[in-house]
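1. Below is the sequence, then the predicted model.
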Amino acid sequence: MMKKFYILFSILIITTTCLSQSCLPEGIIFFTQEEIDNFQTNYPGCSEILGYVFIDDVITTDDVITNLNGLINITSIAFSLQIQENYNLTDLNGLNNLTSIGSHLSILSNNLTDLNGLNNLTSIGSHLNIEENDSLTDLNGLINLSSIGGDLNIFSNYNLTDLNGLINLSSIGSHLSIRRNDNLIDLNGLENITSIGGGLNIEENDSLTDLNGLINITSIGGTLSIDDNDNLTDLYGLENITSIGYNLRIKRNDNLTDLNGLINLTSIGGHLYIRDNDNLTDLNGLNNLTSIGFDLNIEGNDSLSKCQIQSICAYLENPNGSVSIFDNATGCNSIAEVEDACNLVGINEVSLFSKVSIYPNPNTGQISIDLGSLTDVAIKVLSVRGQLIYSKEHIKTPKYQFELDAAPGIYILQLSAEGEKQQFKLVKN
């Protein structure tokens, strides 16, 4: 009896080994449906591919690829998976047992309507590129993906409307770029990402109205670029970012009216570019910025008339690079105009608000403000999304108290006096 047991156990081990084995260190290319259908016959037991996998039926029109069912035994790909120009492939079923890709996953120029089939994929060692898939409407097939070692690039997917399929993604090793997705309305689905090792580029998304899906990001290692998003009116969703490793570029967002979403930003390692934002009127939101690494460029913002905030005035006194200020509204149309405006408030509003103190901060709701010598002060408390929570005008006493009736969180306290404004971060526990 014991001898039979050992024989059966040995057969089971041999069978399991045969059914699950490493293979194809040189990789494999699929050009036809027949090659996919015959994969298990041609490579019995092949489940852990050591090389690359390339799927592309553009080379032939005789046997186009319509499904990936023959690849059902693949559990891992050590190098890359590229699925490109398969115009008759509508989903990725057949890759259902794939759990990891060692290098990059590229899904380029297909007629895929969804990414179902990748539901068990949890990690990608390098880049994830999803580009020019005009029929793709969502990313729900990536629901279990938790980490990307390199870049995440989502480019030119015309009918993509949401990113909710990335809700479990918590780590991006390098850049996050979301560009030219014409029907993408918001970035919901990215809420679990807390830091980005490289740059964050949100560019040319014509229907994008908010950045709230980025609410938990605290630092960006590279450049933050917000460019050419025609329907973006504010930057709320970025309010937890405290540092940017390289440049901050805000360019050609035609309906952007304020920068208040950057209220907690304290340092920029490189250049600050604010260009061609036609409806931007002031630079409030950058008030807490204490360090700009290199050049300052404020150009072509037709409605921008108030640039004399603390960070800009301090930089003009001791610049780290070149300064370019022109083609803005009167008051911020040249370096001289901004310097004059800074001088009118002493140095950059600090003289006006330097003796203001807010306590306790953080608080539990009861707030006291010592206004120093200021008289006739207006107070507003805004949520980080711009909603008015509390307001009081014509405060003439040196000390003022009020109760903040709001949920715990971060708020913006705005003080106005003598024609100037200053913003402070307010934290309610």
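-> Nice, thanks for sending it over.
2. what sits against Ser135?
-> 90, 111-113, 159 (Cβ atoms under 8 Å, 6 or more residues apart in numbering). Any C-beta I mention is one placed from the backbone N, CA and C, and that applies to glycine too.
3. That one and Asn88: what is the separation?
-> 12 Å (Cβ to Cβ, to the nearest Å).
4. shared neighbours, those two?
-> Shared contacts of Ser135 and Asn88 (Cβ under 8 Å, 6+ apart): Asn111.
5. before we move on, back to that, which of the contacts of Ser135 has the most neighbours?
-> In terms of neighbours by other Cβ atoms under 10 Å, the contacts of Ser135 top out with Leu112 at 24 neighbours.
6. hang on, isn't that one packed against Leu92?
-> Yes - Leu112 is in contact with Leu92 according to Cβ atoms under 8 Å; the separation is 7.0 Å.
7. Quick check: the two most widely separated of the contacts of Ser135?
-> Thr90 and Asn159 (13.3 Å; Cβ to Cβ).
8. What's the separation between Glu393 and Cys332?
-> Going from Glu393 to Cys332 by Cβ to Cβ gives 26 Å.
9. The two: who's more crowded?
-> Cys332 (25 against 10).
10. For that one, give me the pLDDT.
-> In the predicted model, Cys332 carries a pLDDT score of 97.
11. That one: what's its closest spatial neighbour, skipping adjacent residues?
-> Cys307 (3.9 Å; Cβ to Cβ, 6 or more residues apart in numbering).
12. three-state assignment of Glu339?
-> Classification of Glu339 by DSSP: H, G, I helix; E, B strand; the rest coil places it in helix.
13. Would you agree it is in contact with Ala314?
-> No - Glu339 is beyond contact range of Ala314, at 11.7 Å (criterion: Cβ under 8 Å).
14. which stretches of the stretch 301-429 of the chain aren't confidently modelled?
-> For the stretch 301-429 of the chain, applying pLDDT under 70 flags the ranges 345-352, 354, 384-385.
15. Strands of that one, start to end?
-> Under the criterion DSSP state E, counting those that start in this stretch, strands of the stretch 301-429 of the chain are mapped to 323-326, 357-359, 366-370, 377-383, 388-395, 399-403, 409-417, 420-428.
16. mind putting the ones you listed in TSV, distance to Asn38 included?
-> Output for the strands of the stretch 301-429 of the chain, formatted as TSV (distance: least, Cβ to Cβ, whole Å):
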stretch	distance to Asn38
strand 323-326	63
strand 357-359	72
strand 366-370	72
strand 377-383	60
strand 388-395	65
strand 399-403	73
strand 409-417	58
strand 420-428	63
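17. Surely Leu289 is in contact with Asn264?
-> No - taking contacts as Cβ under 8 Å, Leu289 lies outside contact range of Asn264: 9.8 Å.
18. Quick check: mean pLDDT of stretch 93-105?
-> 98.
19. Please apply the same query to stretch 275-293.
-> Mean predicted confidence for stretch 275-293 is 94.
20. in that stretch, what counts as buried?
-> 275-277, 280-289, 292-293 (16 or more other Cβ atoms under 10 Å).
21. got it, and stretch 94-110?
-> 94-98, 100-110.
22. Please flag which of those sit within helices.
-> Using DSSP state H, no member of the buried residues of stretch 94-110 falls within helices.
23. these two touch, right, Gly321 and Asn297?
-> No - taking contacts as Cβ under 8 Å, Gly321 lies outside contact range of Asn297: 9.6 Å.
24. out of these two, which sits in the more crowded spot?
-> Between Gly321 and Asn297, counting by other Cβ under 10 Å, Asn297 is the more crowded of the two (18 against 15).
25. give me the element the more buried one is part of.
-> Using DSSP states H and E, Asn297 falls within strand 296-299.
26. care to break this protein down by domain?
-> Using automatic domain parsing, the domain ranges for the chain come out as 20-344, 355-428.
27. What's the separation between the closest residue in space to Asn96 that isn't next to it in sequence and Asn67?
-> Distances taken as Cβ to Cβ, 6+ apart place Gly117 nearest to Asn96, at 5.7 Å, with adjacent residues excluded. Distance, Gly117 to Asn67, using Cβ to Cβ: 10 Å.
28. Could you do Leu238 as well?
-> Leu238 is 42 Å from Asn67, by Cβ to Cβ.
29. closest to Leu139 among the buried residues of stretch 94-110?
-> Within the buried residues of stretch 94-110, the smallest distance to Leu139 is 9.9 Å, found for Ile107 (Cβ to Cβ).
30. What residues are bridge-paired with the closest one?
-> Beta bridges link Ile107 to Ile83, Ile130 when assigned by DSSP bridges.
31. need the contact list for it.
-> Contacts of Ile107 by Cβ under 8 Å, 6+ apart are 83-84, 115, 129-131, 133.
32. I'm done for today, thanks for sticking with me.
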